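Participant: Just to be clear, the model below is a prediction. Sequence and coordinates:
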Amino acid sequence: MNENKVLHSVAALFDTPDKIINAARKVKDAGYTMFDVNTSYPVHGMDKAMGLGQSKIGYVTLFFGFAGAVFIFLFMGWSMAINYPYIVGGKPFFPYQAFIPITFEVTVLCGSIATVVGMLAVFFNLPFLSHPIHDSNYIKEVSVDKFGVVIEAEDPLFDKNKVVEFLKNLGAGKIEFIYEPEKQAIKILQPKFIVFLAVVAALTSFSTYFTLNKLMYIVPFNWMDNQKKSNPQSETNFFYDGYAMRTPVEGTVARGFMPYPFHEQALPSEPLANPTLPTKQILKIGQEKFLTFCSPCHGNYAEGVSRLMGQFPPGPTLHSAKIIGYSDGMIYNIITNGQNAMPSYAYQIPREQRWAIIDYIRVLQRAQNPKPSDFQAIKELNKESGKNVVN
Amino acid sequence: MSSTEIGYIRKELPEKIKTIGLTLFVVGTALGIIGFLIDPQRASLSYLVTFMFLVSIGVGSLFLVALEYAVGADWSTPFRRISEFLAAVIPFLIILVIPLLFNLKYIFPWTHKSIVDSSVMLRGKTPYLNVPFFIIRSIGIFLVWWVFYYFIIRNSRKQDTTKDQYLTKKNINISSGFIPVFGLSISAIAFDWMMSLEPNWFSTIFGVYYFSGTVWCALAALTLIVILLNEHGYLHSKIKSEHYYTLGLLMFAFTVFWAYIAFSQYLLIWYADLPDETIWFMHRWVGGWKVVSLAIVFTHFIFPFFYLLSYNVKMQAKKLKFIAIWILCAHFLDLYWLVMPGMSTNGYQYSFSWMDLVFPVAAVGLIILIFKSLSHKYNLLPIGDPKLQRGLDFHL
């Protein structure tokens, strides 16, 4: 039956690496160009004996490696600096130093995958999946302990009898004719294969679903996990509406709650009265909170000169006649609701502390515009304690 | 196996080389002494750069020799002797370090009591960074290197006449001991002689950084000398471009390794952004040093990387010779960049001085002299080594 087939090549087997190197050199010298050598392990010096040039696969690696590097670098830059500008760790929007490790990894990844895929594509002669010599005794021998050379029929110098004679003269052990197989297109749409894919898909889906939704919820021991009680945010049939969590009775007031009637009103008509007395203790709280929350913009002495000058909208001085003229309740409204660029501090500073801050602001204002009676009071204090209280 | 079997014909190196080496050495040393008289601080630091360069070549070469023994490589056996000759710098280190030991006060800020007292960190480091312990440590490490050098090289030379294979086995054991010792001691030397120039700063990877440069530099020196000798037929006709290719490959690998280590050091400091760590890079970025820093990135990584990437370059002796000289210069620049910016007397400004170029001239002269006198006494090929034939027959 072999007579009907097309001859692909003539293969010859040799016993030692030295013989195969010699054979390869002779085949090359005889002028054959379309031949190949198969050995079960790399034989040094073979490239030279076969007269092979430098492999071109390096250029594939180079191109894809650099393409990957450029792509990922630009992609990171685009996503971090253009598409969704976001500061990470106080670095600039385009922190190229941080991109370098990933660029390096992607370079290696793209380069190596492209190399492997490129070699497979060339070797298998894609889209065909088999090479004629794959289905031969020859390949079985050279995969174990023999060394072989193949001269292809497409070679311009090819002549069946001459080649056989030539290889025999080189000391070949066994000679095999390799025929072209029937060309097979990739039969990806075979019913068998499609059924196989469907079964794999069904099994994968089922096992994933079973693992993630059933298997992992099987409780080995019940201990005190299951109790006859309702947990927060869960369902219950004990109450008519099905919620386990109950809403408070209408009119319930939380402990410590103080109603505030002027939410979101910039300048309410009826300001509140200050419920605190400027005692030493209250002023101390006021000072601490003022320095924490107010001083970054208004300055340590409320003079409007602060350490954030020039970076944020400047906070005005609190020593202007307008603000001195404000009532305590008015300032309380401003702290609570915010004004212009100033945000609301209602959630950061509790009610009592806001009033304490106002007491402290009043002290700062008084210190900037002292009355003669204040000097008198200081003098008396100095006399009493024998120290300089002002300093 | 006699030398005729291997096909090595021993030839004397021309006397001209000795004259060149002697001239360079004498001129460099004379100018260097003048430098020490004019400006001892500048001269000490310039001398330190060159001294570290000699350490790189010497101990790096001994590392290459030990590596060959330890891993059983045979491709490099034909030019192991060249590395051995270069490693002969090691015994001289103990003498060469003396001018530095007398000038410690010009080099290291931590030798000044007033500076140490002003810094909590330096007071804490005093048990390690003090002059007596520093000198003991340095001399001790140089002696340890010298002992390893002595035994490895003695066995290697003995083999030329006795052809005793057991000596190779002995050297494998010594080399396996040397490699971990080398790893620790090169770190200690890098910490002591270069990192402590700015004693408040610290980086644990600094020793590895210096190690990567050391081996890179030793490989470049080896490549350069092998190609020069082989071109004029002093080595062996069987040493060919495939040997060169492998040397080029290793140089390429260490180019990338250096970049990896250098960038690892930079990235962590950049991320954390702590003032007492970034100050080291700030000293290398302001006051004229920015150009040098960028030049390091280019000369030490970008150019050698792309140049050595090509197969053809690694196969051609001429092109490899060029990159070997380039690498030697780049490593010198790297050491200069590590040492010089710490000099505080001129306000951390970059300033050029003729002294920076005087000492390397003397160093090159010294290496040539050592090489010439050793090549007069010993073979350029380890003719008794059992691996030599395989090394000569090396194929890719």
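Facilitator: Done, it's in.
Participant: Give me the neighbour count for residue 204.
Facilitator: Picking chain A for this. 10 (other C-beta atoms under 10 Å in any protein chain shown). (Each C-beta comes from the backbone N, C-alpha and C, glycine too.)
Participant: think we crossed wires, I meant chain B
Facilitator: Counted with other C-beta under 10 Å, residues neighbouring residue B:204 total 11.
Participant: how much space between it and residue B:337?
Facilitator: 20 Å (C-beta to C-beta, to the nearest Å).
Participant: cool, residue A:340 as well?
Facilitator: On the measure of C-beta to C-beta, residue A:340 and residue B:337 end up 53 Å apart.
Participant: go on, residue B:153?
Facilitator: Counting by C-beta to C-beta, the gap from residue B:153 to residue B:337 is 32 Å.
Participant: Those two: which has the busier surroundings?
Facilitator: Higher neighbour count among residue B:153 and residue B:337: residue B:153, with 21 against 17, using other C-beta under 10 Å.
Participant: Specify the local secondary structure of residue B:383.
Facilitator: Assigned with DSSP: H, G, I helix; E, B strand; the rest coil, residue B:383 falls in the coil class.
Participant: Any idea how many residues pack against it?
Facilitator: Other residues close to residue B:383 by other C-beta under 10 Å number 21.
Participant: And for residue B:37?
Facilitator: With other C-beta under 10 Å as criterion, residue B:37 counts 9.
Participant: can you check residue B:163 too?
Facilitator: Neighbours around residue B:163, by other C-beta under 10 Å: 14.
Participant: ok now do the closest residue to it other than its chain neighbours, which residues does it touch?
Facilitator: Nearest non-adjacent residue to residue B:163, counting by C-beta to C-beta, 6 or more residues apart in numbering or on different chains: residue B:384, 4.2 Å away. Contact analysis of residue B:384 by C-beta atoms under 8 Å, 6 or more residues apart in numbering or on different chains lists B:1, B:159, B:160, B:161, B:162, B:163, B:164.
Participant: State the distance from residue B:384 to residue B:155.
Facilitator: In terms of C-beta to C-beta, residue B:384 sits 10 Å off from residue B:155.
Participant: about what we covered before: of the contacts of residue B:384, which is the most crowded?
Facilitator: residue B:159 (22 neighbours).
Participant: Just the element for it, please.
Facilitator: Element membership of residue B:159 [criterion: DSSP states H and E] is helix B:131-162.
Participant: how far out from the middle of the chain is that helix?
Facilitator: From the chain centre to the centre of helix B:131-162 is a distance of 16 Å (C-alpha atoms, centre = their mean, to the nearest Å).
Participant: pLDDT on the helix or strand following that helix, on average?
Facilitator: Per DSSP H and E, the first helix or strand lying C-terminal to helix B:131-162 is helix B:166-193. Mean pLDDT, computed over helix B:166-193, is 94.
Participant: ok, of the contacts of residue B:384, which one's closest to chain A?
Facilitator: Distance to chain A, by C-beta to the nearest C-beta, is smallest for residue B:1 among the contacts of residue B:384, at 21.0 Å.
Participant: If I look at that closest one, what pLDDT would I see?
Facilitator: 39.
Participant: cool, residue B:118 as well?
Facilitator: Per the predicted model, pLDDT is 84 at residue B:118.
Participant: so which helix or strand takes in the nearest residue to residue B:89 once chain neighbours are set aside?
Facilitator: Among residues not flanking residue B:89 along the chain, residue B:58 sits closest, at 3.4 Å (C-beta to C-beta, 6+ apart). Taking DSSP H and E as the criterion, residue B:58 maps to helix B:40-71.
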